[in-house]
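# Sequence and predicted structure below; questions after.
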Amino acid sequence: MNVQWNQQAREVLKGASQSNDYFNTHTFKEGSFPIKIPLEYANLIDKDNPNDPLLRQVQPQTSTCQSGYTLAPLNDEDNSPIDGLIHKYPNRVLLIASQVCAIHCQYCFRQNFDYSQHDALSNWTNIERYIANDNNINEVILSGGDPLSLNDQKLAGLVNSIESIKHIDTLRIHSRSAVVMPSRITSELVKLLNTTRLRVIMVFHVNHENELSAQFAKAIKQFQGVTLLNQSVLLKGVNDHVSCLKNLSLALHKIGILPYYLHMLDKVSGAENYFIDDATAINLHQQLQTCLSGYLVPKLVRDSGKKSKTWLL
Ligand code: SF4
């Protein structure tokens, strides 16, 4: 299985030239965030639709350089007491477990993050001591990059080390790689997460129902006792219609995932064309509440980069 995943991880479109050839277009131009599209994801894109919502997420947009957009909108570094760890809330810490992603989402707020300074694995001894010395922490979140860019052996080593800290009872993994490259959900990964003593929460990142492939739906069925949630980003031209958001929630629920968060765009330079204003977002969310059961309506939030998220509703 791992062999298959490693092989798929190498099957990516990189750069404008390869992408233009694959999609038979001339619309890809190099942007500040390098183009990277796994073929498993590219196969879900309608080549005849220049406005395909999946295509739009991986195609660099023409920056309009508006004020308020910065290279690092959330100032993660301000909440990082030691390299590789972000500590905003008393009960949980977030680890930058990997510097790599299977895909480059052009709206990503961490696209300019200095990963070389913030690698949890290379600073693990200090991180382990930090967590072990703080009994208020009960949850460790693996983020990145994408933590599932680590191979199963490295991931198992990390999970085993976290397990050994007695007051940690919950492990949360944020991943988009599992969605855009379902072959990443290997039997070894499933076994690791199904058998750890930690309560495991997987938070996937799906923005549109077309991203939910049959392979992904089949792969996640193997998880047992793992809570499956989703977070999306509200993106202009991708999912800014109530029917689109409704269909996403219904499709997620059908395969066992509950909608968790709908994030407002973090204002990173280059992502201006994905912006949705607050009034439009709130209106969309209110419409969503009228056509879905409450448990299928994600919370509409903005990450302010401060200690807590702002709930817009
Ligand atoms: S997978 Fe997540 S961290 Fe990676 S580029 Fe996309 S949004 Fe950013």
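The structure has been received and is ready for your questions.
# The ligand contacts on the stretch 101-250 of the chain?
101, 103, 104, 105, 108, 110, 144, 145, 146, 176, 205 (C-beta under 6 Å from any ligand atom). Yep, even glycine has a C-beta here, placed from its N, CA and C like the rest.
# how about the helices in the stretch 151-300 of the chain?
152-163, 177-180, 187-195, 214-220, 242-254, 278-291 (DSSP state H, counting those that start in this stretch).
# I'd like those helices as JSON lines, with mean neighbour count and distance to residue 10 appended.
Shown next, in JSON lines, are those (neighbours: other C-beta atoms under 10 Å; distance: least, C-beta to C-beta, whole Å):
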{"stretch": "helix 152-163", "mean neighbour count": "17", "distance to residue 10": "17"}
{"stretch": "helix 177-180", "mean neighbour count": "26", "distance to residue 10": "14"}
{"stretch": "helix 187-195", "mean neighbour count": "16", "distance to residue 10": "18"}
{"stretch": "helix 214-220", "mean neighbour count": "16", "distance to residue 10": "18"}
{"stretch": "helix 242-254", "mean neighbour count": "18", "distance to residue 10": "29"}
{"stretch": "helix 278-291", "mean neighbour count": "14", "distance to residue 10": "38"}
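# and the ones you listed as TSV, adding distance to residue 300 and mean pLDDT?
Below are the helices of the stretch 151-300 of the chain laid out as TSV (distance: least, C-beta to C-beta, whole Å; pLDDT from 0 to 100):
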stretch	distance to residue 300	mean pLDDT
helix 152-163	31	97
helix 177-180	21	96
helix 187-195	29	98
helix 214-220	25	97
helix 242-254	10	98
helix 278-291	5	97
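# now those helices in JSON lines, with distance to residue 228?
Putting those into JSON lines (distance: least, C-beta to C-beta, whole Å) gives the following:
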{"stretch": "helix 152-163", "distance to residue 228": "17"}
{"stretch": "helix 177-180", "distance to residue 228": "10"}
{"stretch": "helix 187-195", "distance to residue 228": "11"}
{"stretch": "helix 214-220", "distance to residue 228": "6"}
{"stretch": "helix 242-254", "distance to residue 228": "9"}
{"stretch": "helix 278-291", "distance to residue 228": "20"}
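# between these, which one is nearest to residue 56?
helix 242-254 (12.3 Å; C-beta to C-beta).
# got the CA coordinates for that closest one in CSV?
What follows is helix 242-254, C-alpha atoms only, in CSV (Å, rounded to 0.1, in the frame of the first residue of the first chain):
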residue,chain,number,x,y,z
VAL,A,242,-26.0,27.9,-0.9
SER,A,243,-26.7,24.9,-3.2
CYS,A,244,-23.0,24.2,-3.3
LEU,A,245,-22.5,24.4,0.5
LYS,A,246,-25.7,22.4,1.1
ASN,A,247,-24.6,19.6,-1.4
LEU,A,248,-21.2,19.5,0.3
SER,A,249,-22.7,19.0,3.8
LEU,A,250,-25.0,16.3,2.5
ALA,A,251,-22.3,14.5,0.6
LEU,A,252,-20.0,14.6,3.6
HIS,A,253,-22.6,13.2,5.9
LYS,A,254,-23.4,10.4,3.4
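# in the stretch 201-313 of the chain, what residue is nearest the ligand?
Going by C-beta to the nearest ligand atom, the ligand is nearest to residue 205 of the stretch 201-313 of the chain, at 5.9 Å.
# Kindly state the beta-bridge partners for that residue.
residue 231 (DSSP bridges).
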